[in-house]
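Participant: 3D, please:
(2 chains)
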Amino acid sequence: MNMKSIPISAWVGIGGIAIAVLCAIFAPLIAPFGEREIVGEIWLPAGGDFVLGTDNLGRDLLSRLIYGARTTIFVALAATVISFALGMILSFAAAVMGGLFDQLFSRFNDLMMAIPTLIFALVVLAVLPQYLWVLILVMAVLDSTRVFRIGRAVALDVAVMEFVEAARLRGEGSLWIIFREILPNTLSPLLAEFGLRFAFSILFLSTLSFLGLGIQPPAADWGGMVKDNKDGIIFGISAALVPGAAIATLAICVNLVVDWLMKRTSSLKGGRGDA
Amino acid sequence: MGSGPITGPVLTEGTARDPGAQSADLAGVPAKPHPADSAEIGGTFWRRFVFRRPLAALILKRLGLSVGLLFAVSLMIFGGVEALPGDFATTYLGQSATPQAVENIRKDLGLDRPWSERYLSWLGGAVKGDFGTSWASKQSVSEQIGKRLGNSLFLAFFAALISVPLAVGLGMLAVQFRNRMPDKIINVISLAAISLPEFFIGYLLIMVFAVELGVATFPATVYDSMSLAERLSAIALPVATLVLVVLAHMMRMTRAAILNVMSSAYIETAELKGLGTFRIIARHAAPNAVAPVINVIALNLAYLVVGVVVVEVVFVYPGMGQYMVDAVTVRDMPVVQACGLIFAAFYIFLNMAADILAILANPRLRHPR
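Facilitator: From the prediction side, this is the model:
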């Protein structure tokens, strides 16, 4: 791959993601104030000591935004990675083994997908205790249904190729076929899917936090910050819009990169047009 | 799992991807060992029906499938929740509850009965439209839902009314100007719009139109005594938010669906034999593009049903979504389960409608090989 072939839009996306990740990693070094530190009056306008103003409790908005990047990106990434591991292993196993195993998992997956994700999450989170790992697992399991469907479709395409047949005939086990034959040949579309799921995870986590069911205060998280500051909107205070814009920007950046990855994959396949 | 109907090909996938499974399914009964049997028209009533009215049989099959799916979903919403670790009573009271208090509340809410018994009585009530009483307010759940469901549908209906024609129109425009400036602009804007969370769009609109300009109302409260015009002006901003949320999705999918048709070989043939653009679109592309576009619309309407949840919370609109979110925060399970089931029912119904309409619009799907 050559650096010049990457379009500008993808560079913008990569840059945006890099900034967010740097903020997340070096949060304590970059942030001017502490995550939970009350530094002034509530809802101070932007400018002066506080670059973006203060929030509903008088905490510095910029500092919380930087710390929030940490929580949001970590949880979304963890959920995506787990959902991918789960969805891909199960879908590849289903594609390779076929038969009853495939039927069982595919039908169960169809059943899970018959309930809208957000509604399912609301029902499940109403019962489960509010821990961070519970939230990550719920997001991961719900998301893995989508990964399973894509993974199975892609793997089925590859599983009927001659080289897989050859591997089977020379007596390789299922694990070899999954990891050495199918996985390398499906990596490209799945990478694009990973980006897409990550963007979706960010939005989904923010939505849950916004509804008060995601990350619990006082931890800073972008969706939760919108919820904290939403009452200011009526008085014309834009504090709630800042974290909202951060979520939107990060999601757009991820989507820009995904868009480029997808175009690349489809051109590799020799697809007609850009559909 | 465990119910019969869902073991067939399920809704959205079955039409295109699984011709083998579907033809086996179409025969109505499991294939008998000797092949001569399949040529005979006689046999069971269902078989003759399939032979004479293949379309009606196919549609009946989808309906049955959806009912079975809904049943399985109800089992999942009730039983799956039951199987999860954690006890309602303990979580309900918090960590510091005494064993006696937990015991009392379990008895009070009827949790001491076995779950199968509770599930059957819940399902029996749900079929009749009775979802029990709320744990938090002790009021009838059905009564509350009755009021709010209408509000939510009102909101979703107007959002659909505006977004569907707009999305299809813009999608066609993007195809017409493919890879030129208008298409690129539409593409970038829609990519951005997909990435915006619903609540951000909502608050942005409130900030601009309700606070800065003062032309719209916030919060979007509606009550019984309001006239239609007042209601419409109250829901203007929520509807605008929903439209923006689904528009980009729907438009991108429409564009992809039409482009898919436009890049097929018969369109190229039509182009090469010198037909005009309009004639190609009207006679060759449109009939083939109807099915995927209908599918796109139905899928996005299903998405709209869910999008309503967040938008209602943002605009403090008295609908189902807000009812459900409030119930989830106080762990009011009867309300959560009832709302969950109703949302899932709408979702399944719209997916089924997409499937049936696709079969009606595309004769090829009626005769799977």
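
Participant: and residue 181, what pLDDT?
Facilitator: If you meant another chain, say so; for now it's chain A. Note for A:Glu181: predicted pLDDT of 84.

Participant: you looked at the wrong chain, it should be chain B
Facilitator: 82.

Participant: same check on A:Val141?
Facilitator: Value for A:Val141, per-residue pLDDT: 93.

Participant: check contacts around it.
Facilitator: Remark: with contacts taken as Cβ atoms under 8 Å, 6 or more residues apart in numbering or on different chains, A:Val141 is in contact with A:Ser83, A:Leu86. Placement of C-beta: from N, CA and C, glycine included.

Participant: before we move on, what about B:Val311?
Facilitator: B:Val311 neighbours (Cβ under 8 Å, 6+ apart): B:Leu155, B:Glu198, B:Gly202, B:Pro238, B:Thr241, B:Leu242, B:Val245, B:Tyr317, B:Gly321.

Participant: so of those residues, which ones are in helices?
Facilitator: Members of those lying in helices (criterion: DSSP state H): B:Leu155, B:Glu198, B:Gly202, B:Pro238, B:Thr241, B:Leu242, B:Val245, B:Gly321.

Participant: for A:Val39, grab the count of nearby residues.
Facilitator: By other Cβ atoms under 10 Å in any protein chain shown, 16 other residues sit near A:Val39.

Participant: same check, this time on B:Gln100
Facilitator: Neighbours of B:Gln100 (other Cβ under 10 Å): 8.

Participant: contacts only, for it.
Facilitator: So B:Gln100 contacts nothing (Cβ under 8 Å, 6+ apart).

Participant: sketch out the low-pLDDT regions of the stretch 151-275 of chain A for me.
Facilitator: A:265-275 (pLDDT under 70).

Participant: who in it is up against chain B?
Facilitator: A:153, A:199, A:203, A:206-207, A:210-213, A:223, A:226, A:230, A:233-236, A:238, A:240-241, A:244-245, A:247-248, A:251-252, A:254-256, A:259, A:272-275 (Cβ under 8 Å from any Cβ of the partner chain).

Participant: please, a ChimeraX command that selects the buried ones among the residues you listed?
Facilitator: Selecting the buried subset of those in ChimeraX, with 16 or more other Cβ atoms under 10 Å in any protein chain shown as the burial test, is done by:
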select /A:199,203,206,207,210,211,212,213,223,226,230,233,238,240,241,244,245,247,248,251,252,254,255,256,259,275
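
Participant: so which of the residues of the stretch 151-275 of chain A next to chain B sit within helices?
Facilitator: Among these, the members found in helices (DSSP H) are A:153, A:199, A:203, A:206-207, A:210, A:223, A:226, A:241, A:244-245, A:247-248, A:251-252, A:254-256, A:259.

Participant: how far is the host helix or strand of B:Val311 from where the chain is centred?
Facilitator: When elements are defined using DSSP states H and E, B:Val311 is found to belong to helix B:286-314. Computed by Cα atoms, centre = their mean, to the nearest Å, the separation of helix B:286-314 from the middle of its chain amounts to 7 Å.

Participant: would you mark the buried spots in it?
Facilitator: By neighbour count on 16+ other Cβ under 10 Å, the buried set for helix B:286-314 is B:288-314.

Participant: ok, A:Ser238 touching B:Met207?
Facilitator: Yes. Applying Cβ atoms under 8 Å, one finds A:Ser238 in contact with B:Met207, separated by 6.4 Å.

Participant: what would the contacts of B:Val311 look like in JSON lines with pLDDT?
Facilitator: JSON lines is the format used below for the contacts of B:Val311 (pLDDT from 0 to 100):
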{"residue": "B:Leu155", "pLDDT": "90"}
{"residue": "B:Glu198", "pLDDT": "87"}
{"residue": "B:Gly202", "pLDDT": "89"}
{"residue": "B:Pro238", "pLDDT": "90"}
{"residue": "B:Thr241", "pLDDT": "90"}
{"residue": "B:Leu242", "pLDDT": "91"}
{"residue": "B:Val245", "pLDDT": "85"}
{"residue": "B:Tyr317", "pLDDT": "87"}
{"residue": "B:Gly321", "pLDDT": "89"}
